[in-house]
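In: Kindly return the folded structure for what I paste below:
(one chain, ligands or ions: 1)
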Amino acid sequence: MSRASETVPEHVEIAVVGGGPVGALAALRLAQAGRKVVLIEARDPAAKLADARAIALSWASLAAFAEAGVMVPEAALTAIDTVHVSQQGSWGRTVLSRDDLDLPRLGAVLDYPALAEACQQALADAGVTVLWRTRVTEVAALTAFARLTLSRDGKASPLTCRLAVLADGGELAEQLLGVIRRVHDYQQSALLAELRTERPHDGVAYERFSRRGPLALLPHGDAFKLVWTRSPDEAQALRDAPPEVLIAQLDEALAGRFGQILSVTGRAVFPLTLKQVNRTVSDRVALIGNAAQTMHPVAAQGLNLGVRDALGLVEAVAASADPGEAGVLRRYAELRRLDSRAVVGFTHSLVSLFDGNGTAVSLLRGLGMNLLDIVPPARRRFAGHLVFGVGTAR
Ligand SMILES: Cc1cc2nc3c(=O)[nH]c(=O)nc-3n(C[C@H](O)[C@H](O)[C@H](O)COP(=O)(O)OP(=O)(O)OC[C@H]3O[C@@H](n4cnc5c(N)ncnc54)[C@H](O)[C@@H]3O)c2cc1C
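Out: Have a look, this model is predicted:
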């Protein structure tokens, strides 16, 4: 496993800021392409990562991590073979299956800490320099290079690079000239929990538009991981309530589909916002992953989109001797524009459209779901967008 490196270099070709899954993937793939990369991560690698998120990764995202050397043990993955979309109290449903895309699986669910650990191991195996326990406090984009200010153990030091890749989740972007971060607060929170049910999941991920808010049930080992979008007050109350209270609401929303709910454990709450920047590049700086767009988790697309950002950046850099030159950054922004807009727009419209419980809204979404279900080419196309992205080469 990697340890905190002792020396902070003064100059590198590419500095990746943030060693979350997207930053780690970018650093690995850039290093594989022969670039001199340093990854800077605020976290202590020895500290246990407490994060209750279970992530649904598409088949294409899992393949991208594997190609970068990120080996998640098979035991930590739960396959998704089918995605079942329905709504409470009304007609309309869509079932997407691995057969629609002729794939061995549509994707898999894994815990965020398991992915972080596999990334950490891959970085160590590949010999990528990681400055752990080091926070970037300032970023400035200049014509010939970008300048970062690093802080570790209370000591500040400068680092210059040809290209700075911000994969920090989004706090640093606004220091860049001309970059504005728009924030849309959904006034919603995600309630997370693990459910054990009488009937097994059989590799099916459920998306259900319940009257109380959209809920996702992801297959996770022999249980389900619940992500239920609720008002912040309801989510907090359900996190702290006796389990029977949550089970009663789930029974109502799921209409007994999985038999009895035997237990709910590991409850946690995440506030939900949409954060988007007006541009994903500035002089000598590129934004990827949540730093470029932070989305509502209703469609489980945030990290999948971030993975494609990382791959897009590697592709844009490939042809150039200088990875931070204006042409590379323009190419990166162009490569990622359509996919990012489409996925962010789709997710946002899901939240808005499925927020309503009126008859008209319910009929409209029922119609949309049924149309997808009965028109195989439309269904296959939709499934393809979810697994591979929009406008990306397959
Ligand atoms: C409840 C929930 C469920 C989700 N489910 C899914 C899902 O099923 N599928 C999916 O695709 N997505 C999902 N997402 C979204 C997904 O979690 C994010 O899109 C993904 O984690 C983004 O990865 P990232 O590497 O860009 O950022 P992060 O995971 O936020 O990592 C950023 C890293 O940067 C480091 N850092 C931050 N600031 C600095 C700094 N100044 N200097 C140095 N290091 C710094 C942090 O320590 C962190 O390690 C979900 C999100 C939530 C909230």
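
In: For the protein, what lies in contact range of the ligand?
Out: 17-23, 40-43, 53, 55-56, 135-136, 167-169, 171-172, 190, 192, 227, 270, 289-290, 297, 300-304, 306 (C-beta under 6 Å from any ligand atom). No exception for glycine: its C-beta is placed from N, CA and C like everyone else's.

In: buried set for the host helix or strand of residue 244?
Out: Here residue 244, judged by DSSP states H and E, is contained in helix 243-254. Buried residues in helix 243-254, counted by 16 or more other C-beta atoms under 10 Å: 246, 247, 249, 250, 253, 254.

In: That helix - contacts with which helices or strands?
Out: Identification of packing neighbours for helix 243-254 by 3 or more C-beta pairs under 8 Å, 6 or more residues apart in numbering; DSSP states H and E yields strand 204-210, helix 232-240, strand 261-277.

In: and with 7 Å instead?
Out: Counting contacts by 3 or more C-beta pairs under 7 Å, 6 or more residues apart in numbering; DSSP states H and E, helix 243-254 is packed against strand 261-277.

In: In the strand it packs on, which residues are buried?
Out: Buried residues in strand 261-277 (16+ other C-beta under 10 Å): 261, 264, 267, 269, 270, 272, 274, 275, 276, 277.

In: Stretch 288-302 now?
Out: Buried residues in stretch 288-302 (16+ other C-beta under 10 Å): 288-302.

In: which residues does residue 151 bridge with?
Out: Here residue 151 sits in beta bridges with residue 135, residue 156, as judged by DSSP bridges.

In: Now list the buried members of the residues of the chain next to the ligand.
Out: Buried members of the residues of the chain next to the ligand, counted by 16+ other C-beta under 10 Å: 17-23, 40-43, 53, 55-56, 135-136, 167-169, 172, 190, 192, 227, 270, 289-290, 297, 300-304, 306.

In: Could you pick out which of those residues are located in helices?
Out: Mapping these onto helices (DSSP state H) picks out 21, 22, 23, 302, 303, 304, 306.

In: ok, the first one - contacts?
Out: In this case it means residue 21. 115, 116, 119, 303 (C-beta atoms under 7 Å, 6 or more residues apart in numbering).

In: next one: the fifth one
Out: When the contact criterion is C-beta under 7 Å, 6+ apart, the partners of residue 303 are 21, 55, 57, 61.

In: could you redo the last one with a cut-off of 8 Å?
Out: Residues in contact with residue 303, defined by C-beta atoms under 8 Å, 6 or more residues apart in numbering, are 21, 22, 55, 57, 61, 289.

In: pLDDT for these - can I get that in CSV?
Out: Shown next, in CSV, are these (pLDDT from 0 to 100):
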residue, pLDDT
21, 98
22, 98
55, 95
57, 96
61, 97
289, 98
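
In: tell me the two of the residues you listed that are most distant?
Out: Pairwise distances across those (C-beta to C-beta) peak at 13.4 Å, for the pair 57 and 289.

In: what about the closest residue to residue 253 other than its chain neighbours, neighbour count?
Out: Ranked by C-beta to C-beta, 6 or more residues apart in numbering and with sequence neighbours excluded, the top spatial neighbour of residue 253 is residue 210, at 3.7 Å. By other C-beta atoms under 10 Å, 22 other residues sit near residue 210.

In: Show me the beta-bridge partners of residue 210.
Out: For residue 210, the residues forming beta bridges with it (DSSP bridges) are residue 213.

In: what sits against it?
Out: Per C-beta under 8 Å, 6+ apart, neighbours of residue 210: 87, 88, 228, 253, 254.

In: How much space separates it from residue 88?
Out: 5 Å (C-beta to C-beta, to the nearest Å).

In: contacting residues for whichever residue of the stretch 151-300 of the chain sits closest to the ligand?
Out: Nearest residue of the stretch 151-300 of the chain to the ligand: residue 289, at 2.4 Å (C-beta to the nearest ligand atom). Residue 289 is in contact with 18, 20, 21, 22, 23, 167, 169, 303, 305, 306, 309, 310, counting by C-beta under 8 Å, 6+ apart.

In: could you redo the last one with a cut-off of 10 Å?
Out: The neighbours of residue 289, taking C-beta atoms under 10 Å, 6 or more residues apart in numbering as the test, are 18, 20-23, 25-26, 165-170, 302-303, 305-310.

In: same check, this time on residue 39
Out: 2, 5, 14-19, 23-24, 26-28, 30-31, 119, 123, 128-132, 134, 165, 167.

In: let's see it at 6 Å
Out: 16, 19, 27, 128, 130 (C-beta atoms under 6 Å, 6 or more residues apart in numbering).

In: which stretches of the stretch 51-200 of the chain have low pLDDT?
Out: 89-92 (pLDDT under 70).

In: Let me see the ranges of the helices in it.
Out: Under the criterion DSSP state H, counting those that start in this stretch, the stretch 51-200 of the chain contains helices at 59-67, 98-101, 112-126.

In: Tabulate these (CSV), appending mean neighbour count.
Out: Output for the helices of the stretch 51-200 of the chain, formatted as CSV (neighbours: other C-beta atoms under 10 Å):
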stretch, mean neighbour count
helix 59-67, 19
helix 98-101, 18
helix 112-126, 19
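
In: Now distance to residue 237 too, for those, in CSV please.
Out: Listed next are these as CSV, based on distance: least, C-beta to C-beta, whole Å:
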stretch, distance to residue 237
helix 59-67, 34
helix 98-101, 38
helix 112-126, 25
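
In: closest to residue 328 out of those?
Out: helix 59-67 (20.1 Å).

In: gap between the closest one and the chain center?
Out: Remark: helix 59-67 is offset 13 Å from the chain centroid, using C-alpha atoms, centre = their mean, to the nearest Å.

In: Outside of it itself, list whatever touches it.
Out: Here helix 59-67 makes contact (C-beta under 6 Å, 6+ apart) with 103, 105, 107, 304, 307, 311, 387, 388.

In: ditto for stretch 142-161
Out: Outside stretch 142-161, the residues that reach it (C-beta under 6 Å, 6+ apart) are 8, 11-12, 14-15, 133-140, 162, 164, 284-285.

In: make it 7 Å
Out: Outside stretch 142-161, the residues that touch it by C-beta under 7 Å, 6+ apart are 8-15, 17, 40, 131, 133-140, 162-164, 283-285, 324.
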